[in-house]
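> I'll drop the sequence and a predicted model, then ask my questions.
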Amino acid sequence: MARIKRGDLTKLQIIQVACKHFLENGYSTTSVKAICDELEMSPGNLTFYFPTKEHLLELLVDLLCRFQYQLMEKEADDGLSSVIAVCLELATLAAACEEDAAMYDCTFSAYTSPLCLAIIRRNDAERAKKVFATYCSDWTDRQFAVSEMLVSGIEYATIMQAGDVISLEARIAGALHEILSIYHVPHEVRQAKVERVLAMDYRRISRNVFTQFKSFVNEANEQALHDLLKI
């Protein structure tokens, strides 16, 4: 196992404490001072590693994308298709945002941050190349990147309507149909995938996923975080 450098170890400790605060209290209400106080570190020392609080949110988003993708891959190995896994990922995130104010705040902040949005689009584009290869076999990297600009807008609209008069189920169904159509998934396949996701207990799955993620952030050793983020 590779030895973690001292500077990387400090970065990982900052990430772990900041992520814990963001997930428990929300991004907007978490101050740099609160993070520094727990770390017993001066703000100047923290900004040596991370210039702004937004850079810490960027790391949280990247960490969540990687962690959640690993769980969805496991679901796929348990019998779900990759398309179902992608659909379920949006459903669980939307459910988490409706049930958890801190998660809603973090997600809203992420989708309105240029730094974080770039991470979301990059991760999703890489995933889309694998998941939708059958339907978009002649697509270039640029076409996937452009498509994810549209997809991220759909995701944002779906998630940010938390508590709206339109039900969560209706928002998820509409969003998934739009996203799958962007990737040329045939209507009958699209219909079957969306119906299958809606038939699942995605609210319970959401609670399990984000409980696991919070535990991972709070309890994971530095090597596990280092390996996941590839710092």
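Thanks, I have the structure now.
> check which helix or strand covers residue 44.
Applying DSSP states H and E as the criterion places residue 44 in helix 43-49.
> give me the next element, helix or strand, following the longest helix anywhere in the chain.
Ranked by residue count and defined by DSSP state H, the top helix of the chain is helix 53-77. With elements assigned by DSSP H and E, the helix or strand that comes after helix 53-77 is helix 82-99.
> report the distance from that following helix to the chain centre.
Offset of helix 82-99 from its chain centre (CA atoms, centre = their mean, to the nearest Å): 10 Å.
> buried ones in it, by neighbour count?
Across helix 82-99, burial judged by 16 or more other CB atoms under 10 Å covers 82-98. Every C-beta, even on glycine, is put in place using the N, C-alpha and C of the backbone.
> one step back: name the residues of the longest helix of the chain that are buried.
In helix 53-77, counting by 16+ other CB under 10 Å, buried: 53, 56-65, 67-69, 71-72, 75-76.
> before we move on, back to that, mind saving the C-alpha coords of the helix holding residue 44 as PDB?
Taking Å, rounded to 0.1, in the frame of the first residue of the first chain, the C-alpha atoms of helix 43-49 are listed here in PDB:
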ATOM      1  CA  PRO A  43      -7.700  29.900   8.200                       C
ATOM      2  CA  GLY A  44      -4.500  30.900   6.500                       C
ATOM      3  CA  ASN A  45      -3.200  27.400   6.800                       C
ATOM      4  CA  LEU A  46      -6.400  25.900   5.400                       C
ATOM      5  CA  THR A  47      -6.400  28.300   2.400                       C
ATOM      6  CA  PHE A  48      -2.900  27.100   1.600                       C
ATOM      7  CA  TYR A  49      -4.500  23.700   0.700                       C
END
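> so where's this structure uncertain?
1-9, 75-80, 161-164, 220-231 (pLDDT under 70).
> excluding its backbone neighbours, what's nearest the most centrally placed residue in the chain?
Nearest to the geometric centre of the chain sits residue 65, at 3.9 Å (CA atoms, centre = their mean). Spatial nearest neighbour of residue 65, excluding adjacent residues (CB to CB, 6 or more residues apart in numbering): residue 123 at 4.3 Å.
> skip ahead from whichever strand or helix holds the one you found and say which helix or strand is next.
Residue 123 belongs to helix 114-131 when elements are defined using DSSP H and E. Sequence-wise, the next helix or strand downstream of helix 114-131 (DSSP H and E) is helix 141-159.
> and the helix or strand following that following helix, which residues are buried?
Next in sequence after helix 141-159, counting helices and strands by DSSP H and E, comes helix 168-182. By 16+ other CB under 10 Å, the buried positions in helix 168-182 come out as 168, 171-173, 175-180, 182.
> what angle separates helix 168-182 from helix 114-131?
70 degrees (axes from the mean of the first three to the mean of the last three CA atoms, to 10 degrees).
> now do whichever helix or strand comes after helix 168-182 and helix 168-182, the angle between them.
Per DSSP H and E, the first helix or strand lying C-terminal to helix 168-182 is helix 187-199. Interaxial angle of helix 187-199 relative to helix 168-182 (the same axes, to 10 degrees): 150 degrees.
> so which elements touch helix 187-199?
Taking 3 or more CB pairs under 8 Å, 6 or more residues apart in numbering; DSSP states H and E as contact, the helices and strands that helix 187-199 lies on are helix 82-99, helix 168-182.
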